[in-house]
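> Whatever this is, show me its structure:
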Amino acid sequence: MAVVETALDWDYVIVGSGAGGGVLAARLAEEGMRVFLIEAGGDPQAAQRMPDDCEVPAFHAFACENPALAWDFYARRYSSEAQQARDPKYRPGQGVLYPRAAALGGCTVHNAMIFMPPHDADWNEIARMTGDVSWRAEHMRRYLQRIENCGHRPVWRALHHLGLDPTGHGWNGWLRTEKSMPLSVVRDDGLMRLVLGTVGGFTRRLPTPLLSAWRWLRNGLGDPNSRRRGGGSFEGICYTPLSTEGHRRSAVRERLLDVARRFPQNLHIELDALATRVLFDAQGGASGVEYLKGARLYRAHASPSGQAGSRHEVHAQREVILCGGAFNTPQLLMLSGVGPARELRAHGIGVQVDLPGVGRNLQDRYEVALTHRMSRPWEVLAGARWERGDPLWQQWHATGGGMYGSNGAAVGVVSRSGAAATPEPDLFCMALLARFEGYFPGFSRLISGYDDHLSWAVLKGRTRNRAGTVRLRSADPLDPPLIDFAQFEEGTPGAQEDMRAMVEAIRSLRALTAPLIESGWIAQELQPGPHVQSDEALAQFVRDTAWGHHASCTCPIGPKGQGGVLDSTLLVHGVSRLRVVDASAFPRIPGFFVAAAIFMLAEKAADMVLAAAHGTPTSVSDTRPGGL
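Below you'll find the predicted structure:
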């Protein structure tokens, strides 16, 4: 196959245009660097149901299954076939669907748009482990402020011009954030009963309800991202801030298009380009990337083309930066000869650097759903056909209002379980006006087929399990990797505590929904069902149905001898001029929702990359490095 080489005057070659690579590429281009950005997907704005599936917040489930941009990975949750087969979402011989997106903007074009930065402790732990104080939370907050253009705190937005701003929000960044529920939906009596009942039920269970209510009012009226007076992390009833503008999805894709328009000489976006290996110079440093040009080449695509593509090479004068995410970045490193030597040799791949931590340490949340049938349909969904032109779409298109301007989250609850290992909260629960029970082929049809359902999604943050793996299926770059999360008992120590927290969350949510069941507003609990009552039965329900969608940590920061892949500047151990900037870089999965953490990581990475280019340090050590 002939090799086509691009021009040689690119400063940086970046693989992946999502939350890491897209943010990084845009910032570097703005700063005058010439960036060649490789994206395996396209920008399919004219495809069926597009652009609505991506633009309409309420359509995000349909975006996950839109064949124009879907990469359908299948992951095992357990190596035990008997346990795995108990999951109704399991497809025998393949695994459980794990939807990813191949498109300009990566997974930010199909995610639920929730913008919640990680806890301060997540950044402080990286600083402690590496001895690099630039990772401390007080330094990382400036990246949050560089990113955010907060639109959901209008009073403080006005007052910050006068120098009054205790919130810690950003007001002039490239990412607009808004509340998940437009005010136009509050007319629904059932919805208001749900919200007020949740608030009342949660508050009554607190040791000092009145004092807690006062603190809630003082600390931001349910804004989970507001800086706490006196420090600490948010706990309590909250809304879910979204990365939308005028209640339309707006994130990395829009950022890239804006920068490419303003700096066309600095940013080249190469679409339909599947990276196949990193190229190295004679000294072993990263010098470029080989990629295959063609649409739908990767076999994880919902409708792969079956074509081989044409082989191209692009070279970087400064650095190669991998931003393919927790599955594709370790795959690309291993295809390039960087990874566990024994595994590479088993696939006939020459070893460039023996780095055992590549593809290990895979982590995710544990999530389950309690689903209910309401006594009557939600008024705010009247007329919804979940398609262009229906009455709710017309309202959204005209004003951004109505339920289509929301991702479906009516209210959230942040709490710390009795099994939490740290002072930080470890449970996030949110009420969704839909039927959602995890990911499987056709899951989006549950969204459109049930306008009288309520799902309480339980998300267990700060999970202890670090035993998951991403391994090569073959040496063929078109094959997706083998993914095994090794959940609960198959994972690292701490499974019992994580399970105890999940059972506790289910019981707490049942306490919140009990008054609505007694009053008749909720007709029936469907899942797990009223017959599932004991701790053992609830634990089995969690074990059988739990999923996640924030895969992280497969190329972690940390010492090589302890499974680390990257140093504190995100450079790959043993390879010069090669960095990783995506969810795989975290040593432990951060916060509750990973997108904001990756945005912040990418903005910090831009500073580190530019400092290296200009010969100035960005990190200062004041503690001894720790372990993973």
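> Poorly predicted segments of the stretch 201-350 of the chain, please.
Low-confidence segments of the stretch 201-350 of the chain (pLDDT under 70): 203, 206-220.
> Can you show me the helices along it?
Counting by DSSP state H, counting those that start in this stretch, the stretch 201-350 of the chain has helices at residues 209-218, 252-262, 325-335, 341-346.
> The third one packs against which elements?
The criterion is 3 or more Cβ pairs under 8 Å, 6 or more residues apart in numbering; DSSP states H and E, and the helices and strands that helix 325-335 contacts are strand 273-280, strand 310-322, strand 469-471. Just so you know, the C-beta spots here come from the backbone N, C-alpha and C atoms, and that holds for glycine as well.
> so can I have JSON lines of those strands showing distance to residue 382?
Formatted as JSON lines, these follow (distance: least, Cβ to Cβ, whole Å):
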{"stretch": "strand 273-280", "distance to residue 382": "44"}
{"stretch": "strand 310-322", "distance to residue 382": "47"}
{"stretch": "strand 469-471", "distance to residue 382": "44"}
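> Look at residue 611 and say how many residues are nearby.
Other residues lying near residue 611 total 14 when counted by other Cβ atoms under 10 Å.
> The helix or strand encompassing it vs strand 310-322, what angle?
Assigned by DSSP states H and E, residue 611 belongs to helix 594-614. For helix 594-614 against strand 310-322, the angle between stretch directions is 90 degrees (axes from the mean of the first three to the mean of the last three Cα atoms, to 10 degrees).
> contacting residues around residue 325?
Neighbouring residues of residue 325 by Cβ atoms under 8 Å, 6 or more residues apart in numbering: 16, 18, 20, 100, 106, 107, 551, 582, 583, 584.
> Give me the buried stretch members for stretch 339-354, please.
Under the neighbour-count criterion of 16 or more other Cβ atoms under 10 Å, stretch 339-354 has 339, 340, 341, 343, 344, 349, 352, 353, 354 buried.
> Take the residues you listed and write them to a markdown table, including distance to residue 41.
Listed next are the buried residues of stretch 339-354 as a markdown table, based on distance: Cβ to Cβ, whole Å:
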| residue | distance to residue 41 |
| --- | --- |
| 339 | 25 |
| 340 | 29 |
| 341 | 32 |
| 343 | 28 |
| 344 | 27 |
| 349 | 25 |
| 352 | 27 |
| 353 | 29 |
| 354 | 32 |
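> Highest mean neighbour count out of the helices of the stretch 201-350 of the chain?
The highest average neighbour count among the helices of the stretch 201-350 of the chain, using mean count of other Cβ atoms under 10 Å, belongs to helix 325-335 at a mean of 27.
> List the residue ranges of the chain that fall below the pLDDT cut-off.
Judged by pLDDT under 70, the stretches of the chain that qualify are 1-8, 182-186, 203, 206-220, 617-628.
> Where is the longest helix in it?
Longest helix of the chain, by residue count under DSSP state H: helix 495-518.
> can you count the residues close to the residue nearest to residue 32 when sequence neighbours are not counted?
Among residues not flanking residue 32 along the chain, residue 266 sits closest, at 6.7 Å (Cβ to Cβ, 6 or more residues apart in numbering). When neighbours are counted by other Cβ under 10 Å, residue 266 registers 20.
> wait, isn't residue 266 in contact with residue 36?
No: counting by Cβ atoms under 8 Å, residue 266 stays clear of residue 36, with 10.3 Å between them.
> My guess is residue 515 contacts residue 198. True?
No: if you go by Cβ under 8 Å, residue 515 and residue 198 don't touch, sitting 10.0 Å apart.
> out of these two, which sits in the busier spot?
Ranked by neighbour count (other Cβ under 10 Å), residue 515 and residue 198 place residue 198 first, with 22 against 14.
> Can you pull the phi/psi pair for the more buried one?
Backbone torsions of residue 198, given as degrees, to the nearest 10, read phi -70, psi -50.
> I'd like to know how far it sits from residue 431.
Distance of residue 198 to residue 431, given as Cβ to Cβ, to the nearest Å: 7 Å.
> who touches both of those two?
Common contacts of residue 198 and residue 431 (Cβ under 8 Å, 6+ apart): residue 411.
> Need the CA coordinates for the helix holding residue 611. CSV is fine.
Written as CSV, here are the backbone C-alpha positions of helix 594-614 (Å, rounded to 0.1, in the frame of the first residue of the first chain):
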residue,chain,number,x,y,z
VAL,A,594,-15.7,12.9,33.8
ALA,A,595,-16.1,15.4,30.9
ALA,A,596,-15.3,18.6,33.0
ALA,A,597,-12.2,16.9,34.5
ILE,A,598,-10.9,16.1,31.0
PHE,A,599,-11.6,19.7,29.8
MET,A,600,-9.5,20.9,32.8
LEU,A,601,-6.8,18.3,32.1
ALA,A,602,-6.6,19.4,28.5
GLU,A,603,-6.3,23.1,29.4
LYS,A,604,-3.5,22.3,31.9
ALA,A,605,-1.8,20.1,29.2
ALA,A,606,-1.9,23.0,26.8
ASP,A,607,0.1,25.1,29.4
MET,A,608,2.6,22.2,29.9
VAL,A,609,3.0,21.7,26.1
LEU,A,610,3.6,25.4,25.5
ALA,A,611,6.0,25.7,28.4
ALA,A,612,8.0,22.8,27.0
ALA,A,613,8.0,24.6,23.6
HIS,A,614,9.2,27.8,25.2
